[in-house]
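**Q** just coords:
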């Protein structure tokens with residue numbers, strides 16, 4: 001109001017009461033604002049779409065959004081080669097049959113961390129964790145970090161107590177709880193068995209999430225006993241068996257992290273490995289955690305440590321999916337070509353999964369997740385975007401077939417590459433024949 005003087009919402013003129021035109025304009029303005037907020041909520045809950053460079057155009061948009069399209073609008077002009085997330089506002093989903101297969105695989109894999117939210121499962125997981133030991137070690141380690149920071153005249157320690165809880169859980173899980181399996185021992189004589197191939201799962205094995213079973217036989221002619229090794233994906237079962245390879249390790253450890261209150265993402269690597277990330281409120285970012293290697297915040301382990309070449313690293317959480325390849329691939333020589341779909345189609349699928357997982361969330365929670373997405377994108381952007389990271393061709397032999405270099409790394413010492421039978425299917429079979437649970441454990 002002019003001069004800050006309140007006015008009656010109605011004035012008497014000609015003996016009648018009528019609405020103050022200023023109040024009518026104010027009501028219309030509030031109504032427009034409410035409609036815009038409702039439009040924002042609908043867009044975010046369905047597609048989780050946001051454009052960090054043009055927020056105002058999204059906020060003012062009232063266009064309806066179909067599941068297969070994106071709200072139109074202009075984006076800031078990009079300079080130089082496009083990054084992994086080129087085309088922040090893709091206009092359509094995958095159409096090529098190979099891209100559609102890849103999209104279906106990612107949608108299926110996104111269900112993995114949803115299983116961690118089962119209250120009964122989390123209660124059972126807590127019964128398996130020595131909480132007193134974990135919390136005691138975490139308290140002791142957090143005090144060490146505080147003392148180190150003070151001795152170096154640093155205001156903030158490297159890690160806070162909640163981070164130390166996950167670190168203590170990691171040590172216990174690796175050293176005391178879970179076991180790595182290459183060739184399982186013979187159940188009769190204890191000798192290492194020889195891989196015989198795959199065999200169909202029994203109904204009981206299938207009910208526990210084993211979509212494939214590896215068959216082994218004792219090499220002793222006097223024994224010759226067969227041993228089955230089901231690749232379970234059911235976390236309830238893994239709490240009982242407590243053995244497996246990287247798929248089982250990441251799945252079970254991620255669920256235990258969730259049980260102690262951590263926010264968890266399950267990371268799928270398109271080559272042959274899986275691990276998790278845990279969110280650190282102290283650092284304000286996601287932290288790489290590999291239970292198989294007892295690795296903490298070491299994302300370059302696979303490329304610079306093992307010499308792996310990586311194409312895709314996709315993070316799946318209860319709130320969506322994110323392409324985090326840039327966190328794990330910093331140099332062009334470590335990048336494999338990304339040919340399963342275009343970068344624009346990949347970003348469409350990432351936003352599609354976010355829309356599915358965030359549907360129905362309160363606006364405040366959506367805004368918090370959007371801000372977290374924005375910060376992570378800024379973090380990943382600092383790692384650089386050389387064109388080679390997504391265009392470097394794979395090495396080929398004289399026949400033109402793709403080669404995967406045989407580079408020894410830490411897992412060779414466990415025998416997971418050199419000694420374990422290679423029960424792999426190709427990429428097309430993975431996308432066409434395998435369901436989510438099978439694809440989860442296609443890594444050795």
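**A** Happy to help now that I have it. Everything quoted here is computed from the prediction, not taken from an experiment.

**Q** report the residue spans of this structure with pLDDT below the cut-off.
**A** Along the chain, the model assigns pLDDT under 70 to residues 1-91, 384-444.

**Q** in it, which strand is the longest?
**A** strand 273-280 (DSSP state E).

**Q** tell me the strands beside it, with direction?
**A** According to DSSP bridges, strand 273-280 forms sheet pairs with strand 264-269 (antiparallel), strand 285-290 (antiparallel).

**Q** what's the closest of the ones you listed to residue 338?
**A** strand 264-269 (12.7 Å; Cβ to Cβ). Any C-beta I mention is one placed from the backbone N, CA and C, and that applies to glycine too.

**Q** just to revisit the earlier point, and the strands paired with strand 273-280, which is most packed in?
**A** Between the strands paired with strand 273-280, strand 264-269 has the highest mean count of neighbours, a mean of 24, where neighbours are mean count of other Cβ atoms under 10 Å.

**Q** before we move on, the earlier item: got TSV for the strands paired with strand 273-280, with distance to residue 211 too?
**A** Shown next, in TSV, are the strands paired with strand 273-280 (distance: least, Cβ to Cβ, whole Å):
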stretch	distance to residue 211
strand 264-269	16
strand 285-290	24
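
**Q** which one, of these, ends up nearest to residue 318?
**A** Nearest to residue 318, of the strands paired with strand 273-280 and by Cβ to Cβ, is strand 264-269 at 8.3 Å.

**Q** which residues of the stretch 101-250 of the chain fall in strands?
**A** 179-180, 194-199, 213-217, 226-230, 243-244 (DSSP state E, counting those that start in this stretch).

**Q** export those strands to TSV and tack on mean neighbour count and distance to residue 122?
**A** TSV is the format used below for those (neighbours: other Cβ atoms under 10 Å; distance: least, Cβ to Cβ, whole Å):
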stretch	mean neighbour count	distance to residue 122
strand 179-180	14	23
strand 194-199	14	33
strand 213-217	19	28
strand 226-230	18	24
strand 243-244	20	20
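
**Q** could you dump these to TSV with distance to residue 114?
**A** Listed next are the strands of the stretch 101-250 of the chain as TSV, based on distance: least, Cβ to Cβ, whole Å:
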stretch	distance to residue 114
strand 179-180	26
strand 194-199	27
strand 213-217	25
strand 226-230	22
strand 243-244	20
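
**Q** tell me which of these sits nearest to residue 341.
**A** Residue 341 sits nearest to strand 194-199 of all the strands of the stretch 101-250 of the chain, at 28.9 Å, using Cβ to Cβ.

**Q** quick check: angle from that closest one to strand 213-217?
**A** Orientation check (axes from the mean of the first three to the mean of the last three Cα atoms, to 10 degrees): strand 194-199 against strand 213-217 gives 150 degrees.

**Q** tell me the angle strand 194-199 makes with strand 226-230.
**A** 50 degrees.

**Q** neighbouring strands of strand 194-199 in the sheet, and parallel or not?
**A** strand 213-217 (antiparallel).

**Q** tell me how far the ends of stretch 113-125 are from each other?
**A** Stretch 113-125 has an end-to-end distance of 15 Å (Cα to Cα, to the nearest Å).

**Q** flag every buried residue along it.
**A** By neighbour count on 16 or more other Cβ atoms under 10 Å, the buried set for stretch 113-125 is 113, 115-116, 121-122, 124-125.

**Q** can you give me the helices for the stretch 251-400 of the chain?
**A** For the stretch 251-400 of the chain, the helices defined by DSSP state H, counting those that start in this stretch cover 325-328, 343-358, 363-381, 388-391.

**Q** what about residue 222, how many residues nearby?
**A** For residue 222, the count of nearby residues is 7 (other Cβ atoms under 10 Å).

**Q** tell me the spacing between it and residue 182.
**A** Remark: distance between residue 222 and residue 182 (Cβ to Cβ, to the nearest Å) = 23 Å.

**Q** how close does residue 102 sit to residue 326?
**A** Taking Cβ to Cβ, one finds residue 102 at 19 Å from residue 326.

**Q** my bad, should have said residue 246
**A** 22 Å.

**Q** please apply the same query to residue 104.
**A** In this view, residue 104 and residue 326 are 24 Å apart by Cβ to Cβ.

**Q** what about those two, which has more around it?
**A** Counted by other Cβ under 10 Å, residue 104 and residue 326 do not tie: residue 326 has more neighbours, with 22 against 16.

**Q** can I assume that one is in contact with residue 378?
**A** No. Taking contacts as Cβ atoms under 8 Å, residue 326 lies outside contact range of residue 378: 11.6 Å.

**Q** before we move on, back to that, residue 214 is nearest to which of the strands paired with strand 273-280?
**A** With Cβ to Cβ as the criterion, residue 214 lies closest to strand 264-269 of these, at 20.8 Å.

**Q** contacts for that closest one next, please.
**A** 109, 112-113, 116, 250-251, 254-255, 257-258, 274-279, 286, 288, 302, 310, 312-317, 322, 324, 328, 440, 443 (Cβ atoms under 8 Å, 6 or more residues apart in numbering).

**Q** of those, buried ones?
**A** The neighbour-count test (16+ other Cβ under 10 Å) marks 109, 112-113, 116, 250-251, 254-255, 257-258, 274-279, 286, 288, 302, 310, 312-317, 322, 324, 328, 440, 443 as buried among the contacts of strand 264-269.

**Q** which residue ranges form the helices in the stretch 51-200 of the chain?
**A** 55-59, 97-109, 119-128, 131-151, 161-172.

**Q** and the last one with strand 264-269, angle?
**A** Comparing the axes of helix 161-172 and strand 264-269 via the same axes, to 10 degrees yields an angle of 50 degrees.

**Q** what residues sit buried inside helix 161-172?
**A** In helix 161-172, counting by 16+ other Cβ under 10 Å, buried: 161-170, 172.

**Q** export the residues you listed to a markdown table and tack on distance to residue 292?
**A** Shown next, in a markdown table, are the buried residues of helix 161-172 (distance: Cβ to Cβ, whole Å):
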| residue | distance to residue 292 |
| --- | --- |
| 161 | 25 |
| 162 | 23 |
| 163 | 20 |
| 164 | 21 |
| 165 | 20 |
| 166 | 15 |
| 167 | 16 |
| 168 | 17 |
| 169 | 14 |
| 170 | 11 |
| 172 | 14 |
